[in-house]
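Enquirer: sharing a sequence plus its predicted fold:
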Amino acid sequence: MFDSLSDRLSGVFDSLRGRGALQEDDVRAAMREVRIALLEADVALPVVRRFIDKVTEQAIGQQVLRSVTPGQQVVKIVNDALVEMLGGGDAEGEGADTSALNLDAKPPVVIMMVGLQGSGKTTSTAKIAKRLREKEGKKVMMASLDVNRPAAQEQLAVLGTQADVATLPIIAGQQPVDIATRALQAAKLQSFDVLMLDTAGRLHVDEALMAEMKAVAAVSAPKEVLLVVDALTGQDAVNVAQSFTGEVPLTGVVLTRMDGDARGGATLSMRAVTGKPIKFAGTGEKLDAIEAFDPVRVANRILGMGDIVSIVEKAAESVKAEDAERLARRMSKGEFDLNDLRMQLQQMTKMGGLGAIAGMMPGMKKAKQAMASANMDDRVLLRMDAIISSMTPDERAKPALLNAKRKRRVAAGSGVEVQDVNKVLKMHQEMSKAMKQIKKMGGLKGLGALFGKGGLDAAMPGLGGGAGPGGMGGGELPPDLAKLLKK
């Protein structure tokens, strides 16, 4: 979503960083470019004005202009201002915890989902319910109050089955307020922790919609009222949020289709215009494609600083602990066969593929662009997996068995050329050689010693060699990642 804005800002800041000293005119010229970039990204004009005024005032201070690295100082000021614009409070450290749902109340805690038709409200309801069940261990029930849209209640029931979340049985002809009352009683009787109410929407904000929202809120007393808006609608999403803010006591916003090609203006304007935190961002169609919105991480992505924390989280979710421990043991012994390579390729696919990983790596923006221009995408991983799958168990365990005849058979079985098979084997050889070097250095502990007394965990917290909750576990971030991205 932020690719265009990120490219423009990167160009501005590259010119600043390339200078040994900055004058006030240099900073003001750069801020004019930033202003144009934000306006082209469809950020609301009042928000842009406040942002530029604040950044300019700090950036032309004597402390910045006389510093050793004035360009870097300006980038930091812009980063801090972006974090604050997105609702992060103090940009130092982790940022404000605005994405957390307020579940501190007597069960069942009611979460009411509101918004216009087509914004992704029903799907977002199921996504959040699934997230609460899996990540926070909550017992969740969902109920559809949408009696206007055909099959809306059936849709939520289907999503509930897919997400393994209970849904309120449908009674034909019952009205929204009655459904909410029945859902609340059922949730209390069955000891549910959270009750999620998926309310009806309209094509536009009108009196009937607001009256229904208020009536449902009166009988259910929701702890959270989340407005679901489509990020692709641009500034209209901000207008919708303003309309709801004036009528319903909103507690947060859920932005859907954040993986789309919108310019990002709605996201950057939402918090500043409405005063409500963005709590979640929908990043795809699947039920697990939703993220807690973190202003610090989003600002880092916009400025091309990467998002290592998200990589760690994706790795922790997609990699089994026993697989990571097994690979760590083999690495310490200098062992690495094609089964290990295949496992790492599958891990990368689960983590979102090459593009998603490259987009979150610090300084990998240009590498991601090079991959796109070279038509290098996730099909490369699938093709390599198909090649290894076409080998026999013995061949995967002992690649030396693959003579010319066997290579032709593997190529025919996977639908590729023999040269492609040779490329996979060459990659394995290089990685196997690296594993042997690690063994010579004393295994993972020896490798960690290169980074000083604390080892890998001290050098890069969360990316160390130890398996378990505190680290990535030896194989969770594939060793061949950098090599693949550079090619």
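Expert: Looks like it arrived, so ask away.
Enquirer: for burial, what's the neighbour tally of residue 157?
Expert: Number of residues near residue 157 (other CB atoms under 10 Å) recorded here: 16. Just so you know, the C-beta spots here come from the backbone N, C-alpha and C atoms, and that holds for glycine as well.
Enquirer: would it count as being in a helix?
Expert: Yes: according to DSSP: H, G, I helix; E, B strand; the rest coil, residue 157 belongs to a helix.
Enquirer: report back the residue of the chain that's furthest from centre.
Expert: What lies farthest from the middle of the chain is residue 405; by CA atoms, centre = their mean that is 44.7 Å.
Enquirer: what does the pLDDT read for it?
Expert: We have a pLDDT of 92 for residue 405.
Enquirer: quickly note the distance from it to residue 418.
Expert: 11 Å (CB to CB, to the nearest Å).
Enquirer: ok, back up a step: and after the host helix or strand of the residue farthest from the centre of the chain, which helix or strand comes next?
Expert: Element membership for residue 405, per DSSP states H and E: helix 404-414. For helix 404-414, the succeeding helix or strand toward the C-terminus, using DSSP H and E, is helix 418-440.
Enquirer: by contact count, what packs against that next one?
Expert: helix 321-333, helix 338-350, helix 379-389, helix 404-414, helix 443-449 (3 or more CB pairs under 8 Å, 6 or more residues apart in numbering; DSSP states H and E).
Enquirer: chain center to it, what's the gap?
Expert: Relative to its chain's centre, helix 418-440 lies at 31 Å (CA atoms, centre = their mean, to the nearest Å).
Enquirer: which of the residues in it are buried?
Expert: Across helix 418-440, burial judged by 16 or more other CB atoms under 10 Å covers 420-421, 423-425, 427-428, 431-432, 434-435, 438-439.
Enquirer: and the chain, what are its domains?
Expert: By the assignment in automatic domain parsing, the chain contains the domains 3-85, 109-302, 308-486.
Enquirer: among those domains, show me which one is buried the most.
Expert: domain 109-302 (a mean of 20; mean count of other CB atoms under 10 Å).
Enquirer: residue 276 against residue 250, yeah?
Expert: Yes: judged on CB atoms under 8 Å, residue 276 makes contact with residue 250 at a distance of 5.2 Å.
Enquirer: identify the contacts common to these two.
Expert: Both residue 276 and residue 250 are contacted by 227, 241, under the criterion CB atoms under 8 Å, 6 or more residues apart in numbering.
Enquirer: ok, the residue farthest from the centre of the chain to residue 421 distance?
Expert: Residue 405 is 12 Å from residue 421, by CB to CB.
Enquirer: likewise residue 436?
Expert: Counting by CB to CB, the gap from residue 436 to residue 421 is 23 Å.
Enquirer: show the backbone phi and psi for residue 283.
Expert: phi -120, psi 20 (degrees, to the nearest 10).
Enquirer: OK, contacts around residue 60?
Expert: 24, 27-28.
Enquirer: show me what the helix or strand hosting residue 183 is packed against.
Expert: Taking DSSP H and E as the definition, residue 183 sits inside helix 176-189. Contacts defined by 3+ CB pairs under 8 Å, 6+ apart place helix 176-189 against strand 140-144, strand 194-198, helix 207-220.
Enquirer: could you export the domains of the chain as TSV, including distance to residue 100?
Expert: Shown next, in TSV, are the domains of the chain (distance: least, CB to CB, whole Å):
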stretch	distance to residue 100
domain 3-85	17
domain 109-302	8
domain 308-486	15
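Enquirer: what ranges do the strands span in this structure?
Expert: For the chain, the strands defined by DSSP state E occupy 109-114, 140-144, 166-167, 194-198, 224-230, 252-256, 278-282, 290-292.
Enquirer: coming back round to it: for the contacts of residue 60, which one is nearest residue 186?
Expert: residue 27 (60.4 Å; CB to CB).
Enquirer: can you lay out the strands of the chain as TSV showing distance to residue 339 and mean pLDDT?
Expert: TSV is the format used below for the strands of the chain (distance: least, CB to CB, whole Å; pLDDT from 0 to 100):
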stretch	distance to residue 339	mean pLDDT
strand 109-114	44	92
strand 140-144	38	93
strand 166-167	40	93
strand 194-198	42	93
strand 224-230	43	89
strand 252-256	39	88
strand 278-282	36	88
strand 290-292	32	85
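Enquirer: got those strands as TSV, with distance to residue 82 columns?
Expert: Listed next are the strands of the chain as TSV, based on distance: least, CB to CB, whole Å:
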stretch	distance to residue 82
strand 109-114	28
strand 140-144	34
strand 166-167	39
strand 194-198	31
strand 224-230	20
strand 252-256	16
strand 278-282	13
strand 290-292	18
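Enquirer: tell me which of these lies nearest to residue 83.
Expert: strand 278-282 (12.6 Å).
Enquirer: pick out the shakiest of the domains of the chain, pLDDT-wise.
Expert: Going by mean pLDDT, the lowest-scoring of the domains of the chain is domain 308-486, which has a mean of 63.
Enquirer: for the residue most central in space within the chain, which non-adjacent residue is closest in space?
Expert: Nearest to the geometric centre of the chain sits residue 291, at 5.3 Å (CA atoms, centre = their mean). Nearest non-adjacent residue to residue 291, counting by CB to CB, 6 or more residues apart in numbering: residue 281, 5.2 Å away.
Enquirer: could you do residue 170 as well?
Expert: Nearest non-adjacent residue to residue 170 (CB to CB, 6+ apart): residue 153, at 4.9 Å.
Enquirer: distance check, that neighbour against residue 287.
Expert: Residue 153 is 18 Å from residue 287, by CB to CB.
Enquirer: residue 130 and residue 160 touch, don't they?
Expert: No: Residue 130 is beyond contact range of residue 160, at 9.3 Å (criterion: CB under 8 Å).
Enquirer: okay, the helices and strands packed on helix 176-189 in CSV with distance to residue 340 next?
Expert: As requested, the helices and strands packed on helix 176-189 are arranged in CSV below (distance: least, CB to CB, whole Å):
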stretch, distance to residue 340
strand 140-144, 38
strand 194-198, 41
helix 207-220, 52
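Enquirer: so which of the ones you listed is nearest residue 400?
Expert: Per CB to CB, nearest to residue 400 of these: strand 140-144, 52.8 Å.
Enquirer: from the contact counts, what lies against the closest one?
Expert: helix 121-136, helix 152-163, strand 166-167, helix 176-189, strand 194-198.
Enquirer: looking at the ones you listed, which is nearest to residue 412?
Expert: From the helices and strands packed on strand 140-144, taking CB to CB, the stretch that ends up closest is helix 152-163, at 38.0 Å.
Enquirer: what angle separates the closest one from strand 194-198?
Expert: Relative orientation of helix 152-163 versus strand 194-198 (axes from the mean of the first three to the mean of the last three CA atoms, to 10 degrees): 140 degrees.
Enquirer: for helix 152-163, enumerate the helices and strands it packs against.
Expert: helix 121-136, strand 140-144, strand 166-167.
Enquirer: indicate which one of these is closest to residue 386.
Expert: Using CB to CB, the helices and strands packed on helix 152-163 put helix 121-136 closest to residue 386, at 30.7 Å.
Enquirer: okay, the angle between the closest one and strand 252-256?
Expert: Using the same axes, to 10 degrees: helix 121-136 against strand 252-256 is 110 degrees.
Enquirer: extract the CA atoms of helix 121-136 and return them as PDB.
Expert: C-alpha atoms of helix 121-136 as PDB (Å, rounded to 0.1, in the frame of the first residue of the first chain):
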ATOM      1  CA  LYS A 121     -17.200  -6.200   8.300                       C
ATOM      2  CA  THR A 122     -18.400  -9.900   8.500                       C
ATOM      3  CA  THR A 123     -15.000 -11.300   7.500                       C
ATOM      4  CA  SER A 124     -13.200  -9.000   9.900                       C
ATOM      5  CA  THR A 125     -15.600 -10.200  12.700                       C
ATOM      6  CA  ALA A 126     -14.500 -13.800  12.000                       C
ATOM      7  CA  LYS A 127     -10.800 -12.800  11.700                       C
ATOM      8  CA  ILE A 128     -10.800 -11.100  15.100                       C
ATOM      9  CA  ALA A 129     -12.800 -13.900  16.700                       C
ATOM     10  CA  LYS A 130     -10.300 -16.400  15.400                       C
ATOM     11  CA  ARG A 131      -7.400 -14.300  16.600                       C
ATOM     12  CA  LEU A 132      -8.900 -14.000  20.100                       C
ATOM     13  CA  ARG A 133      -9.400 -17.800  20.300                       C
ATOM     14  CA  GLU A 134      -6.000 -18.800  19.100                       C
ATOM     15  CA  LYS A 135      -3.700 -16.000  20.500                       C
ATOM     16  CA  GLU A 136      -5.500 -15.100  23.700                       C
END
